[in-house]
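**Student:** After the sequence you'll find the predicted model.
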2 protein chains.
Amino acid sequence: MIVLDRDELARRLDPDRAAAAVEAAYVAASRGEVQLPPVGHLVFDAVGGDCHVKIGHRRGDDVFVVKIATGFPGNRDDPTGPPVNNGASIVLSARTGEVRAVLHDEMTLTDVRTGIGGAVASRTLARPDATRLLVVGTGIQADQQIRWHRALLPHLDEVRVWGRSASRAAEVAARNDASVAPDLDSACAEADVIATVTAATEPLLDAAMIRPGTHITAVGADAPGKHELSPDLLAAAELVVADSVVQCRDHGECSMLPPTAAVVELGAVLAGTARGRTTAGQRTVADLTGIAAQDVAIAAVVLGDD
Amino acid sequence: MIVLDRDELARRLDPDRAAAAVEAAYVAASRGEVQLPPVGHLVFDAVGGDCHVKIGHRRGDDVFVVKIATGFPGNRDDPTGPPVNNGASIVLSARTGEVRAVLHDEMTLTDVRTGIGGAVASRTLARPDATRLLVVGTGIQADQQIRWHRALLPHLDEVRVWGRSASRAAEVAARNDASVAPDLDSACAEADVIATVTAATEPLLDAAMIRPGTHITAVGADAPGKHELSPDLLAAAELVVADSVVQCRDHGECSMLPPTAAVVELGAVLAGTARGRTTAGQRTVADLTGIAAQDVAIAAVVLGDD
């Protein structure tokens, strides 16, 4: 059994293999090739924290993963204390049951797989000649989406950041050699790809703000009550894609859609069994809530088992 | 985050504190003070293995536990390979969500908490002057039950072992300074306490074999289809106690009982809210399927958090 900390995990993360593995994970999940038992959940009322335990195995893989993710908002009260989000992934052999590795990533692998997922969705659905990215939001996923969109979208040459806090947007821009977008409306009108990464509970983007041909990847809505896109924008989009139709209809942007509205799965588009963008003028939306198959894929990559 | 292997865990296990912690765990579980989400389960059809993930937190405790247990019977094919049963427990802070420790016990803590559980049940229900222990079965729990019954029952001065394989029984006896019982019927008649630790699917013990005043602790039935005690023995016993009434009625010895038959919980007897043995002539049975609260308790002990 080996133990890998967050620095070692960052060193082991080959970007190209990680992107390929996450893409393959979407395909496998859409094909029903990933065993995903119900998520285990504990609540700690005394301090307002909680813990989710996700287990997953992709058919044929040599390893499986138990991912433990904690969220303790009370940690914010002590600026020198531990982070709010924390955890580790345990990787075991699917041949012998032995514990292969403890990935003590403190949630960094989740951040990375979420960043890669967003960029894979944008690469799959945006116009192939897309050059201008707008990131809406200033949290850790702003950095991740910029990093991975640059890695996966070859023609990208302009990255702008908008946030409710201009100073935080300036920090993200400075860290990532990007620029600040002072006005959300004009920034949306000028973008080819928009990645929304906020914790918004009221929609920030509506249909009138989005030009024909724009692609939007929304990663903020990962729990009930969070929404970044207005229902009229979802209705106006010619194509709405979800990482998991079941999850996204339950607590993603797609939970705002009527049950009859068409939503196709990202893995099906990647596999060629569902249609993606067909014309340059379509508005497309990818609704990503995060799926356990991504966690399995990223763990295999850092262990060299992909 | 610290990592403790099985040798270090054995060194850290204080017997008295471990016994007290397991006893307290039964009481807490009976009082509904332990959060136990549904068990996560993965199956690996290609090799016939599986994995169970159990999560637990006792109200007020500083830590909680994610226990990963694997069973890969195919490992038997390679005598130099890994064991059939394997796993680890991850201990996290219930105050901050940080990973405190990885207990890479390879199932040894489960063996210990099962051994302690059996001895706690016997100490609680056997006659206080019990001197003669009979262990039925020759697996790893034979050693554990002998060890912990000797630790917790002060008057025990004779230990006998019976097994379908006389040679394996002789090995257990030799390892534990005990003697072999050549005949099960007479051995049962001469015992004050009987611990059954087999994987039997047909009952080994029936009512006619058991003297008045004998206590039986049955730990073998941990899955549907396993049974060590006949229904007539359960019916003849004046007191039947379960570590978890729900689990034992589902897949323990108690699953053979009619739903109307009285079964009381070990934690309730320990807490004094249910009656235990009241006369020296009663036959008593403890049906133990193993509960996650024991895993939480033993993890806290090795970390000094009990």
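**Tutor:** Okay, I see it.
**Student:** Show me the helices in chain A, by range?
**Tutor:** Listed in chain order, the helices of chain A (DSSP state H) span residues A:6-12, A:15-30, A:108-125, A:140-152, A:166-175, A:184-190, A:231-236, A:245-251, A:266-271, A:292-302.
**Student:** CA-only coordinates of the second one in CSV, if you can.
**Tutor:** Provided in CSV are the C-alpha atoms of helix A:15-30 (Å, rounded to 0.1, in the frame of the first residue of the first chain):
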residue,chain,number,x,y,z
PRO,A,15,-2.7,16.1,-18.5
ASP,A,16,-3.2,14.2,-21.7
ARG,A,17,-3.8,10.9,-20.1
ALA,A,18,-6.1,12.5,-17.5
ALA,A,19,-8.2,14.1,-20.2
ALA,A,20,-8.4,10.9,-22.1
ALA,A,21,-9.4,9.0,-19.0
VAL,A,22,-12.1,11.4,-18.0
GLU,A,23,-13.5,11.3,-21.5
ALA,A,24,-13.5,7.5,-21.5
ALA,A,25,-15.2,7.6,-18.1
TYR,A,26,-18.2,9.6,-19.5
VAL,A,27,-18.5,7.0,-22.3
ALA,A,28,-18.4,4.1,-19.9
ALA,A,29,-20.9,5.7,-17.5
SER,A,30,-23.3,6.3,-20.4
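**Student:** quick one: average pLDDT of that helix?
**Tutor:** Regarding helix A:15-30, the rounded mean pLDDT is 96.
**Student:** what's the offset of it from the middle of its chain?
**Tutor:** 13 Å (C-alpha atoms, centre = their mean, to the nearest Å).
**Student:** Can you name every helix or strand that that helix contacts?
**Tutor:** Here helix A:15-30 touches helix A:108-125, helix A:140-152, strand A:264-265, helix A:266-271, helix A:292-302, going by 3 or more C-beta pairs under 8 Å, 6 or more residues apart in numbering or on different chains; DSSP states H and E. The C-beta positions use only the backbone N, C-alpha and C, and glycine is treated the same way.
**Student:** Out of those, which is closest to B:V135?
**Tutor:** helix A:292-302 (42.3 Å; C-beta to C-beta).
**Student:** Include mean pLDDT when you put the helices and strands packed on helix A:15-30 into CSV, please.
**Tutor:** Converted to CSV, the helices and strands packed on helix A:15-30 look like this (pLDDT from 0 to 100):
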stretch, mean pLDDT
helix A:108-125, 97
helix A:140-152, 97
strand A:264-265, 97
helix A:266-271, 98
helix A:292-302, 93
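**Student:** thinking again about what came up before, most tightly packed of the helices of chain A?
**Tutor:** helix A:292-302 (a mean of 27; mean count of other C-beta atoms under 10 Å in any protein chain shown).
**Student:** packing partners for that one?
**Tutor:** Using 3+ C-beta pairs under 8 Å, 6+ apart: helix A:292-302 touches helix A:6-12, helix A:15-30, strand A:34-35, strand A:49-58, strand A:63-71, strand A:85-93, strand A:99-104, helix A:108-125.
**Student:** Spit out the contact partners of A:V43.
**Tutor:** Contacts for A:V43 were tallied using C-beta atoms under 8 Å, 6 or more residues apart in numbering or on different chains; they are A:49-50, B:35.
**Student:** wait, I meant A:R100
**Tutor:** A:1-2, A:63, A:91-93, A:303.
**Student:** Okay, it and A:V65: tell me how far apart.
**Tutor:** To A:V65, A:R100 is 10 Å away according to C-beta to C-beta, to the nearest Å.
**Student:** tell me the pLDDT at A:A200?
**Tutor:** 87.
**Student:** Run a quick neighbour tally on the closest residue to it other than its chain neighbours.
**Tutor:** What sits nearest to A:A200 in space, not counting adjacent residues and going by C-beta to C-beta, 6 or more residues apart in numbering or on different chains, is A:E228, at 5.0 Å. A total of 26 residues lie near A:E228 under the criterion other C-beta atoms under 10 Å in any protein chain shown.
**Student:** A:E228: what's it in contact with?
**Tutor:** A:136, A:196, A:198, A:200, A:203-205, A:218, A:220-221, A:253.
**Student:** Tabulate these (JSON lines), appending neighbour count.
**Tutor:** Output for the contacts of A:E228, formatted as JSON lines (neighbours: other C-beta atoms under 10 Å in any protein chain shown):
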{"residue": "A:V136", "neighbour count": "29"}
{"residue": "A:T196", "neighbour count": "26"}
{"residue": "A:T198", "neighbour count": "23"}
{"residue": "A:A200", "neighbour count": "19"}
{"residue": "A:P203", "neighbour count": "17"}
{"residue": "A:L204", "neighbour count": "20"}
{"residue": "A:L205", "neighbour count": "22"}
{"residue": "A:A218", "neighbour count": "31"}
{"residue": "A:G220", "neighbour count": "25"}
{"residue": "A:A221", "neighbour count": "26"}
{"residue": "A:E253", "neighbour count": "31"}
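**Student:** now, which of those residues sits nearest B:I291?
**Tutor:** Within the contacts of A:E228, the smallest distance to B:I291 is 37.8 Å, found for A:A221 (C-beta to C-beta).
**Student:** who's in contact with that closest one?
**Tutor:** Contact analysis of A:A221 by C-beta under 8 Å, 6+ apart lists A:227-228, A:251-253, A:255, A:287, A:289.
**Student:** And for A:E202?
**Tutor:** By C-beta under 8 Å, 6+ apart, the residues touching A:E202 are A:H227.
**Student:** If we use 6 Å, what do you get?
**Tutor:** By C-beta atoms under 6 Å, 6 or more residues apart in numbering or on different chains, no residues touch A:E202.
**Student:** Can you tell me how far the residue positioned nearest the centre of chain A is from A:D143?
**Tutor:** Centroid check for chain A by C-alpha atoms, centre = their mean gives A:T114 as the closest residue, at 3.0 Å. Between A:T114 and A:D143 the computed distance is 11 Å (C-beta to C-beta).
**Student:** Please apply the same query to A:A280.
**Tutor:** For A:A280 relative to A:D143 (C-beta to C-beta), the value is 29 Å.
**Student:** how does chain A divide into domains?
**Tutor:** Using automatic domain parsing, the domain parsing of chain A gives A:2-109+A:293-303, A:114-291.
**Student:** List phi and psi for A:A199.
**Tutor:** Per-residue torsions, A:A199: phi -100, psi 30 (degrees, to the nearest 10).
**Student:** count of residues packed around A:S165?
**Tutor:** When neighbours are defined as other C-beta under 10 Å, A:S165 has 10 of them.
**Student:** Excluding chain neighbours, what is closest to it?
**Tutor:** Spatial nearest neighbour of A:S165, excluding adjacent residues (C-beta to C-beta, 6+ apart): A:T138 at 6.3 Å.
**Student:** ditto for A:L153
**Tutor:** Excluding its sequence neighbours, the residue lying closest to A:L153 (C-beta to C-beta, 6+ apart) is A:R123, at 5.6 Å.
**Student:** thought the one you found was touching A:R150?
**Tutor:** No - with contact defined as C-beta atoms under 6 Å, A:R123 does not count as touching A:R150 (11.3 Å).
**Student:** Out of the contacts of A:V43, the closest to A:S186 would be?
**Tutor:** A:D50 (39.5 Å).
**Student:** beta partners for the closest one?
**Tutor:** Beta-bridge partners recorded for A:D50 (DSSP bridges): A:V43, A:G71.
**Student:** ok, now A:G87?
**Tutor:** A:A69.
**Student:** Quickly note the distance from it to B:A300.
**Tutor:** A:G87 sits 20 Å away from B:A300, going by C-beta to C-beta.
**Student:** which regions of chain A lie under the pLDDT threshold?
**Tutor:** Within chain A, not a single segment meets pLDDT under 70.
**Student:** Name the nearest residue to the residue of it most remote from its centre, sequence neighbours excluded.
**Tutor:** Distance from the C-alpha centroid of chain A, by C-alpha atoms, centre = their mean, peaks at A:T96 (31.7 Å). Leaving aside its chain neighbours, A:T96 sits nearest to B:P82 (4.9 Å; criterion: C-beta to C-beta, 6+ apart).
**Student:** Right, I'll call it a day here.
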